[in-house]
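When you get a sec, could you give me coordinates for this:
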Amino acid sequence: MMALKLTLKPHERFLIGGAVTAITNGSSSGELIIENRVPILIREKDIMRTQDATSPCRKLYFIVQLMYLDEQNLVEYHRTYWNMVKDILEAAPSTLQILDQISEHILNSRYYYALKAARELIKHEEKIMQGIKQSEAGVPC
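Numbers count the residues shown, from 1 in each chain. Model prediction:
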């Protein structure tokens, strides 16, 4: 097994496996060697906290994150995910291509790659919401 070496920025956080709390680096850069097969969200920017899951696509990202970190509850997370996909597609059919990518990764248990694709979904959602706000304000899109 090959070890994973993490180089952390000062005060950077990361999650290991199903850890309930994040691990935070101290005030200077640091290195860790992980010699185990556990899912890790390496960068703090990849971690979605419950209170940050404030839109349908952010909630979907959060569910995928839970799939990645908590294998014991995959059945429930998958059920929730597919219900969310249905709702998002009904509300925004333009998300189909991105949701297909995420779903393919999920069906192949590639949750980290599903998270990366879900970040694209969030960006798409933000563009849609920006267009709606501009339309409501009378600004041509």
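
How is this structure divided into domains?
Here the domain parsing of the chain from automatic domain parsing is 4-42, 50-136.

Would you tell me which one of those domains is buried the most?
Most buried of those, by mean neighbour count (mean count of other CB atoms under 10 Å): domain 50-136, with a mean of 16. (Each C-beta comes from the backbone N, C-alpha and C, glycine too.)

Kindly check the end-to-end length of that domain for me.
End-to-end distance of domain 50-136 (CA to CA, to the nearest Å): 29 Å.

Begin at 14 from now on, thanks
All set: I'll call the first residue 14, so the last point we hit is now domain 63-149.

Distance from it to the middle of the chain?
Taking CA atoms, centre = their mean, to the nearest Å, one finds domain 63-149 lying 8 Å from the centre of the chain it belongs to.

Run through the neighbouring helices and strands of the longest helix along the chain.
Longest helix in the chain by number of residues (criterion: DSSP state H): helix 124-149. Under the contact criterion of 3 or more CB pairs under 8 Å, 6 or more residues apart in numbering; DSSP states H and E, helix 124-149 touches helix 69-82, helix 109-120.
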